[in-house]
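> quick one, what's the 3D model for this:
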Amino acid sequence: MPTLDIDFVRNQFPALSDPDLSDTAFFENAGGSYMCQPVMDRFETYFRKLKLQPYHASPVSAKAGAWMDESYGALAAWLNASPEEIYFGPSTSQNSYVLSNAVLGWLSPGDEIIVTNQDHEANSGVWRRLAGRGVTVREWQVNSDTGSLETETLNDLITTKTKLLTFPHCSNILGEINPVGEICALARANDVRTVVDGVSFGGHGLPDFKSLGTDIYLFSLYKVFGPHQGVMVVNEETAALLSNQGHFFNEQVREKRLCPAGPDHAQVAASKGVGDYFEALYTHHFGSGDGVSQLQKAEDVRKLLHDAEFRILSPLMDYFRNHPAIRIVGPSGAEGRAPTVSITVEGYSSLELATKLGDRGILCGAGHFYSCRLLEALKIDPMQGVLRFSMVHYTALAEVEQLIATLDALIGETE
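A predicted model of the protein is given here:
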């Protein structure tokens, strides 16, 4: 397995060489990553040459539609899904809202669904509202000491009336990666369908949809180096259960059934650039890939990104774990987690520290990050929130060292 070529990678992201950002280190990728060059190139070309209603009779309109169609296949290839299982929408929050209405064509009063208090509110609140439509909502609660979801407690919640389970692939606060395959297998054994929120996982390597065993997988492209679009991967069996949410005359147009407002043409077309970036990563590090299956290429890229992220995460976790004033919220090691790390620091409010770090060029976040229920379960005031640092594979080790030195100096000023 080759080592990630960080110089090659950073050259694919114009923001990382922008003079206005030269004195900053970006640690808020969980809120939105920088956009890669292939996406920007497709945006520019689409707006310049193809900005008209697509799928009409003229050659230019037909080309605009073809550019949109390419994005379905490009993303499906890296997700081990079919293009027919890919749906675009304006955001994952909006997509979740649409799904929660679409399932009402399948669920009946008295049916049960299970939600968690570990989720971002987008994959919790919309499902909880179904209680007002006659659906019974049960909560799979985290361990109040660790924040983890434990499969043993899930067993106790499932009944013969349970139809749906929603949970996150990875918490946007804890960084902990949940055992999705195990959870989905348990659900399927009980005839329960699953919706997995992968927003906090997708930027660390798009998953193998089929091997996860979930029925619906959600993620946001603007956290996977692309445009501000949400993606739903919905297997065909589950899609057949969902009621049309678009205009009645578009009910047979698959791409529009779960997108009431209709697709954002340019952003959908630009989304192919994410697949192009992953292809460039593979080619640069592994060669042409002649004779290599797409499944293997996707696995190689996932491992390439994982190994790179582990190398930059390890020293940061070591520093946090050994500092007496710092509490890590979630797992204290680098294994089994994404490089999204939340902490609290004794003697500081999270916002105060984030502001001071920002003034010194460390761009990070503070708050509850739409996971109020999780923080409440951990006895952390959501209004105070946590200090969060989130990295992806383009984060340089030197930036991690800059973060450690800057934070250490700030904390030292009050000791």
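
> domain-wise, how is the chain divided?
Structural domains assigned to the chain are 6-35+295-412, 41-275, following automatic domain parsing.

> make JSON lines out of the ones you listed and add mean neighbour count.
No exception for glycine: its C-beta is placed from N, CA and C like everyone else's. What follows is those, written out as JSON lines (neighbours: other CB atoms under 10 Å):
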{"stretch": "domain 6-35+295-412", "mean neighbour count": "18"}
{"stretch": "domain 41-275", "mean neighbour count": "19"}
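
> CSV please, covering those and showing mean pLDDT.
As requested, the domains of the chain are exported to CSV (pLDDT from 0 to 100):
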stretch, mean pLDDT
domain 6-35+295-412, 97
domain 41-275, 97
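
> for those, give me CSV that also has distance to Tyr282.
Conversion of the domains of the chain to CSV gives the following (distance: least, CB to CB, whole Å):
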stretch, distance to Tyr282
domain 6-35+295-412, 5
domain 41-275, 10
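
> tell me which of those domains lies nearest to Thr283.
With respect to Thr283, and counting by CB to CB, the nearest of the domains of the chain is domain 6-35+295-412 at 9.4 Å.

> tell me the secondary structure at Ile114.
Classification of Ile114 using DSSP: H, G, I helix; E, B strand; the rest coil returns strand.

> what is it paired to in the beta sheet?
Note on Ile114: beta-bridge partners by DSSP bridges are Arg138, Leu165.

> on that earlier part again, of the domains of the chain, which is nearest Leu281?
domain 6-35+295-412 (5.5 Å).

> picking that back up, of the domains of the chain, which is nearest His284?
Put simply, out of the domains of the chain the one that sits nearest His284 is domain 6-35+295-412, at 5.5 Å, with distance taken as CB to CB.

> and Asn95, which helix or strand is it part of?
In the assignment (DSSP states H and E), Asn95 maps to helix 92-102.

> quick one: contacts of that helix?
Under the contact criterion CB atoms under 8 Å, 6 or more residues apart in numbering, helix 92-102 has outside partners 87, 89, 122-123, 126-127, 129-130, 195, 197, 199, 216, 218-220, 230-232, 242-245, 258-260.

> chain center to stretch 286-296: distance?
The gap between the average C-alpha position of stretch 286-296 and the chain average comes to 25 Å, counting by CA atoms, centre = their mean, to the nearest Å.

> alpha carbons of that stretch, as CSV, please.
Backbone C-alpha positions of stretch 286-296 (Å, rounded to 0.1, in the frame of the first residue of the first chain) are rendered in CSV as follows:
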residue,chain,number,x,y,z
PHE,A,286,-1.6,2.8,-7.9
GLY,A,287,-1.3,3.3,-11.7
SER,A,288,-3.8,2.9,-14.5
GLY,A,289,-5.8,0.2,-12.8
ASP,A,290,-6.0,-2.0,-15.9
GLY,A,291,-7.6,-5.3,-14.9
VAL,A,292,-8.5,-4.0,-11.4
SER,A,293,-12.1,-4.1,-10.5
GLN,A,294,-13.9,-0.9,-9.5
LEU,A,295,-14.7,-2.5,-6.1
GLN,A,296,-10.9,-3.0,-5.5
